[in-house]
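Q: okay, here's the prediction I keep looking at, along with the sequence it came from:
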There are 2 protein chains.
Amino acid sequence: MIDISEVVKRTGLAASTIRYYEQIGLIHSPGRHGLKRIFKSNVIEQLDLIKLGQNAGFSLDEISQMFSNSGQAMIDRNKLKDQANKIDEQIRKLTAMRDGLLHAANCPASSHLECPRFQKLLRVNRRLSTEST
Amino acid sequence: MIDISEVVKRTGLAASTIRYYEQIGLIHSPGRHGLKRIFKSNVIEQLDLIKLGQNAGFSLDEISQMFSNSGQAMIDRNKLKDQANKIDEQIRKLTAMRDGLLHAANCPASSHLECPRFQKLLRVNRRLSTEST
DNA sequence: ATACAACTTAAAGTTGACTTGAGGTCAAGG
DNA sequence: CCTTGACCTCAAGTCAACTTTAAGTTGTAT
């Protein structure tokens, strides 16, 4: 069991953020020492996953649906598959972006907007970002 | 020259968004027809580029810095590469996560938390997300 | 035993990125 | 000429994700 300052140290998050996450049910503190929250040390892994999800463009709400309530990770196998598909979709988007960005970084065209390949990327991106996800 | 409804049609953005982008200087309307804004048709590509940047994790502020004073999309190639690398890192993490989820969906362990492979995923992810990026 | 640093709460404030609402203007069609 | 609908403005509202503030409560060290 660790306290909030330990969580701060090991995740780099602000204490207020950790409290906020507990408040919205994203993580769970199994008890108190006096007033002070205590956490299981696996909260570190949970917070890392939350960070990962955020970086990948998922909202806290979506993330909390991945960890159905109270730290019990992901029970429903069909939901798990759905979630994997969502992530897969996100991977495809990010891959298109990365390729486009790398191309843009190397493209000799004076303006990226004039480069046919960059234009194609923009179109693809629009399709991807207006799709129902 | 096109009007705002044409921009709406061709980008899928809300008119209010387009006005907002003009207000913060992200795009430019070269004039009016009466009260009504008119746009050069290349604003469509600019807006696509903005969307791309957003999906790639840039803020509107960062995006507006990519459009140099001349209005031409002058993109800092090193920034693009940096961002591509960040995205690449995310793709790797997400791929690991997706694979972990798919495994979990098929894993016979009664709880995913007890599945050794899933536990390994969590550890791998933790390592990745604390690496210097 | 007391000081105090480190925690706590609840509520309000902030930021980014928009959206909504109320009321105004204008060009085009009947 | 007059209506109409698509545009306009400006201010305020919203939402997510936090942060800040003010006031209160410990556990621990001196």
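A: Ah, there it is.
Q: so the closest residue to residue A:13 other than its chain neighbours is in which element?
A: Among residues not flanking residue A:13 along the chain, residue A:47 sits closest, at 6.4 Å (C-beta to C-beta, 6 or more residues apart in numbering or on different chains). Bear in mind the C-beta positions are built from the backbone N, C-alpha and C, glycine included. Here residue A:47 sits within helix A:43-55, counting by DSSP states H and E.
Q: show me what that helix is packed up against.
A: Counting contacts by 3 or more C-beta pairs under 8 Å, 6 or more residues apart in numbering or on different chains; DSSP states H and E, helix A:43-55 is packed against helix A:4-11, helix A:15-23, helix A:60-66, helix B:77-106, helix B:116-130.
Q: relative to helix B:77-106, how tilted is it?
A: Relative orientation of helix A:43-55 versus helix B:77-106 (axes from the mean of the first three to the mean of the last three C-alpha atoms, to 10 degrees): 120 degrees.
Q: helix A:43-55 near DNA strand C at all?
A: No. Shown here: helix A:43-55 not in contact with DNA strand C (C-beta under 7 Å from any atom of the strand), separated by at least 12.4 Å.
Q: list the buried residues in that helix.
A: A:43, A:44, A:45, A:46, A:47, A:48, A:49, A:50, A:51, A:52, A:53, A:55 (16 or more other C-beta atoms under 10 Å in any protein chain shown).
Q: and stretch A:98-108, by the same measure?
A: Buried residues in stretch A:98-108, counting neighbours by 16+ other C-beta under 10 Å, are found at A:98, A:99, A:100, A:101, A:102, A:103, A:104, A:105, A:107.
Q: using PDB, list the CA coordinates for it.
A: What follows is stretch A:98-108 as a C-alpha-only set of coordinates in PDB (Å, rounded to 0.1, in the frame of the first residue of the first chain):
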ATOM      1  CA  ARG A  98       2.600   9.300 -39.000                       C
ATOM      2  CA  ASP A  99       3.200   8.400 -42.600                       C
ATOM      3  CA  GLY A 100       1.800  11.800 -43.700                       C
ATOM      4  CA  LEU A 101       3.900  13.700 -41.300                       C
ATOM      5  CA  LEU A 102       7.000  11.800 -42.300                       C
ATOM      6  CA  HIS A 103       6.300  12.400 -45.900                       C
ATOM      7  CA  ALA A 104       5.700  16.100 -45.300                       C
ATOM      8  CA  ALA A 105       8.900  16.300 -43.400                       C
ATOM      9  CA  ASN A 106      10.800  15.000 -46.400                       C
ATOM     10  CA  CYS A 107       8.800  16.200 -49.300                       C
ATOM     11  CA  PRO A 108      10.700  18.500 -51.600                       C
END
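Q: what is the burial count for the closest residue to residue A:43 other than its chain neighbours?
A: Residue nearest to residue A:43 in three dimensions, not counting chain neighbours: residue A:27, with 5.5 Å by C-beta to C-beta, 6+ apart. Neighbours of residue A:27 under the rule other C-beta atoms under 10 Å in any protein chain shown: 24.
Q: wait, residue A:27 touches residue A:39, no?
A: Yes. Using C-beta atoms under 8 Å, residue A:27 is in contact with residue A:39, at 7.5 Å.
Q: so who does residue A:37 touch?
A: By C-beta atoms under 8 Å, 6 or more residues apart in numbering or on different chains, the contact set of residue A:37 is A:3, A:4, A:19, A:22, A:29.
Q: now residue A:47: how far from residue A:87?
A: 18 Å (C-beta to C-beta, to the nearest Å).
Q: low-confidence regions, chain A specifically.
A: A:67-77, A:108-113, A:128-133 (pLDDT under 70).
Q: let me see the domain layout of it.
A: A:1-75, A:91-133 (automatic domain parsing).
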